[in-house]
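Participant: Provided below for reference: sequence and predicted model.
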Amino acid sequence: MPVIATHDLRKHYGEVKAVDGIDLSISEGEIFGLLGPNGAGKTTTLHMLATLQRPTSGSAVVAGFDTVKQPLKVRQRVGMVFQEPTLDSTLTGRENLDLHGRLYGVKGKERPGRIAELLKLVDLEGRADDFVKHYSGGMKRRLEIARGIMHHPEILFLDEPTLGLDPQTREHIWAYIEKMVAEQHTTIILTTHYMDEADRLCDRIGIIDHGKIIALDTPENLCASLGGDVVKLRMANPTTKPFEAMKFVKAAEIKGNEVLLTVEDSSSHLAEILQRSDGVQHVELHTPTLNDVFLKFTGREMREESGEGGFLADYQASQRGH
């Protein structure tokens with residue numbers, strides 16, 4: 001039985017379809033990545049699974065409990081690191097963790113040790129007793145992550161968990177996530193704009209756009225689905241015509257001033273491709289990556305930027321304009 005299961009899950013704001021019929025089945029101990037452009041519906045999906053928003057229609061079962069009919073049961077078993085800050089800035093870092101531990105029933109004799117462990121993990125031991133209002137943005141982000149896992153949740157929702165963190169801290173967080181899954185069988189759903197994060201951590205990835213899952217598989221299979229290496233040709237007058245008769249070219253499309261080719265054994269055929277191309281200004285050759293997969297399915301490159309923007313914000317802005 002899956003730990004998380006959704007059926008035709010939808011969330012609408014007026015005419016805007018933030019989430020438009022999502023079916024998911026996620027197993028215990030799986031790290032599932034949800035990738036998509038800003039405003040695609042990632043955060044809205046997490047909020048519905050965490051009982052923070054009611055779906056317009058459809059259903060979601062988390063840890064065996066219906067998110068609408070049994071929200072308290074769900075909340076007792078999940079943790080969440082939000083995209084936007086939710087810390088109490090009038091408390092210290094240590095007090096924020098202690099308060100969260102109390103709210104989630106972490107026993108008094110266990111809390112000090114757990115707090116010390118997490119402060120060390122996110123490198124905040126020396127600032128634990130400073131007020132959060134004096135923390136930098138990166139420090140606040142690290143404390144948010146520590147708070148989200150304070151109570152050893154069965155299921156953890158991570159919305160852009162390492163956005164803005166330095167590489168060393170990101171590495172520490174990744175290692176701890178992997179440890180949680182290996183030792184505690186924690187189930188994790190994360191959204192991220194970092195392709196290296198998704199590639200390293202995720203067992204499976206769902207690409208969401210316009211509220212729908214448009215691709216779902218392992219990172220390896222998604223990359224393999226492109227059918228070959230990627231050759232990018234920047235051209236003065238981009239055209240795919242010279243490549244249409246080449247049997248080793250599996251796909252060709254124009255993106256701006258570039259022609260993107262999917263080529264079998266590109267190293268053997270690159271010379272012929274260039275010979276038949278006019279006005280080539282720049283050439284790139286690489287094996288498929290998750291960013292190439294993302295570009296294929298959404299038509300956009302993944303950008304490392306904060307804030308989904310969100311359908312709700314778009315809808316509210318549109319209403320203000322009337």
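Facilitator: Cool, got the structure. Small disclaimer: the values here were computed from a predicted structure and weren't measured.

Participant: just for the stretch 151-300 of the chain, where's the confidence low?
Facilitator: By pLDDT under 70, the stretch 151-300 of the chain has no low-scoring segment.

Participant: those strands in it, which residues are they?
Facilitator: Applying DSSP state E, counting those that start in this stretch to the stretch 151-300 of the chain gives strands spanning 155-159, 187-191, 204-209, 212-217, 229-235, 249-255, 258-263, 280-286.

Participant: With mean neighbour count and distance to residue 41 as new columns, can those strands be given to me in TSV?
Facilitator: C-betas here are computed from N, CA, C, even on glycine. Below are the strands of the stretch 151-300 of the chain laid out as TSV (neighbours: other C-beta atoms under 10 Å; distance: least, C-beta to C-beta, whole Å):
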stretch	mean neighbour count	distance to residue 41
strand 155-159	25	12
strand 187-191	25	10
strand 204-209	22	5
strand 212-217	16	8
strand 229-235	19	27
strand 249-255	16	24
strand 258-263	21	26
strand 280-286	12	29
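
Participant: could you dump these to a markdown table with distance to residue 272?
Facilitator: As requested, the strands of the stretch 151-300 of the chain are exported to a markdown table (distance: least, C-beta to C-beta, whole Å):
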| stretch | distance to residue 272 |
| --- | --- |
| strand 155-159 | 46 |
| strand 187-191 | 41 |
| strand 204-209 | 33 |
| strand 212-217 | 31 |
| strand 229-235 | 11 |
| strand 249-255 | 10 |
| strand 258-263 | 10 |
| strand 280-286 | 13 |
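
Participant: Residue 178 is nearest to which of those strands?
Facilitator: strand 187-191 (9.8 Å; C-beta to C-beta).

Participant: Now do the same for the closest residue in space to residue 47 that isn't next to it in sequence: its pLDDT.
Facilitator: Among residues not flanking residue 47 along the chain, residue 53 sits closest, at 4.4 Å (C-beta to C-beta, 6 or more residues apart in numbering). Residue 53 carries a pLDDT value of 97.

Participant: does residue 53 count as helix, strand or coil?
Facilitator: State at residue 53, reduced to three classes by DSSP: H, G, I helix; E, B strand; the rest coil: coil.

Participant: middle-most residue in this structure, spatially?
Facilitator: Centroid-nearest residue in the chain, with C-alpha atoms, centre = their mean: residue 191, separated by 1.6 Å.

Participant: Wait, that one touches residue 38, no?
Facilitator: No. Residue 191 is beyond contact range of residue 38, at 10.6 Å (criterion: C-beta atoms under 8 Å).

Participant: The chain - how does it break down into domains?
Facilitator: Domain ranges of the chain: 4-222, 227-287, per automatic domain parsing.

Participant: how far does the first one stretch from start to finish?
Facilitator: To tie it back to what came earlier, the one meant is domain 4-222. With C-alpha to C-alpha, to the nearest Å as the measure, domain 4-222 spans 22 Å from end to end.

Participant: and if you look at the last one?
Facilitator: Distance between the two ends of domain 227-287: 10 Å, counting by C-alpha to C-alpha.

Participant: what does stretch 15-33 give?
Facilitator: End-to-end distance (C-alpha to C-alpha), stretch 15-33: 28 Å.

Participant: go on, stretch 63-81?
Facilitator: As for stretch 63-81, its first-to-last residue distance stands at 18 Å under the measure C-alpha to C-alpha.

Participant: got the buried residues for that stretch?
Facilitator: Of the residues in stretch 63-81, 63, 65, 67, 70-71, 74-75, 77-81 count as buried by neighbour count, 16 or more other C-beta atoms under 10 Å.

Participant: With respect to residue 186, which of the residues you listed is nearest?
Facilitator: Taking C-beta to C-beta as the measure, residue 186 lies nearest residue 79 of these, at 8.9 Å.
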